[in-house]
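Chemist: Below: sequence and its predicted model.
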Amino acid sequence: MSMDLTGIGSILDFGGKLIDRIWPDPTAAAQAKLELFKANQAGQLAELAAEWENAKAQLAVNQQEAASESIFVSGWRPFVGWVCGMAFAYKFIILPILLFITATFGVKVEVPIFDFTEMSSVLLGMLGLGAMRSYDKVKGTTPSGHG
């Protein structure tokens, strides 16, 4: 069961019920519901097309930045990538091993723990997973298989 966070599903349900009252003929009602569904799909496809165009524009900016001779223009993305990569390694590799080793020897160590959710959104964005999600929407596929 999926939740309709946009409210579009409830609008379509209401529209369908309204159509049933206005058009008592089942064939005419079915045609009106189909038109309502098409209008909804057209809006969703327009939104996906806009997201896709935005992603393509961002790729063009990224290419221009990467080609720059200035380290402050071309180097910020690799710097943030390395920082995110080091944080990822610390959180999921170094810290668990460190805690295991210290616990094995009975030593209690206070280590900095941070919330990785904020940095993971930056990392996923830099890896282009936002654009991949838009691509999945356009193609009608999702990693989880829920469309």
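Modeler: On my side now, so go ahead. Residues are numbered from 1 along each chain as shown.
Chemist: any idea how the chain splits into domains?
Modeler: Domain segmentation of the chain under automatic domain parsing yields 7-69, 75-147.
Chemist: for the protein, which spans come out with low pLDDT?
Modeler: For the chain, applying pLDDT under 70 flags the ranges 1-15, 18, 43-45, 48, 129-147.
Chemist: hang on, the earlier thing: JSON lines please, covering the domains of the chain and showing mean neighbour count.
Modeler: Where you see a C-beta, it was placed from the backbone N, CA and C, and this is true even at glycine. Shown next, in JSON lines, are the domains of the chain (neighbours: other CB atoms under 10 Å):
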{"stretch": "domain 7-69", "mean neighbour count": "12"}
{"stretch": "domain 75-147", "mean neighbour count": "12"}
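Chemist: so where do the helices sit in this protein?
Modeler: Counting by DSSP state H, the segments of the chain that form helices are 8-22, 26-67, 71-74, 76-89, 95-104, 116-126, 129-139.
Chemist: Of all the ones you listed, which one comes closest to E110?
Modeler: helix 95-104 (10.3 Å; CB to CB).
Chemist: got a list of contacts for the closest one?
Modeler: Contacts of helix 95-104 with the rest of the structure, by CB atoms under 8 Å, 6 or more residues apart in numbering, involve K108, V109, V111, I113.
Chemist: cool, stretch 108-116 as well?
Modeler: With contact meaning CB under 8 Å, 6+ apart, stretch 108-116 is reached by A87, F88, K91, L95, L98, L99, T102.
Chemist: so how far is it off the chain centroid?
Modeler: For stretch 108-116, the separation from the chain centroid amounts to 28 Å (computed by CA atoms, centre = their mean, to the nearest Å).
Chemist: same deal with stretch 56-72?
Modeler: Relative to the mean C-alpha coordinate of its chain, stretch 56-72 is positioned 22 Å out (CA atoms, centre = their mean).
Chemist: contact partners of it?
Modeler: With CB under 8 Å, 6+ apart, stretch 56-72 has contacts from V73, S74, W76, R77, A131.
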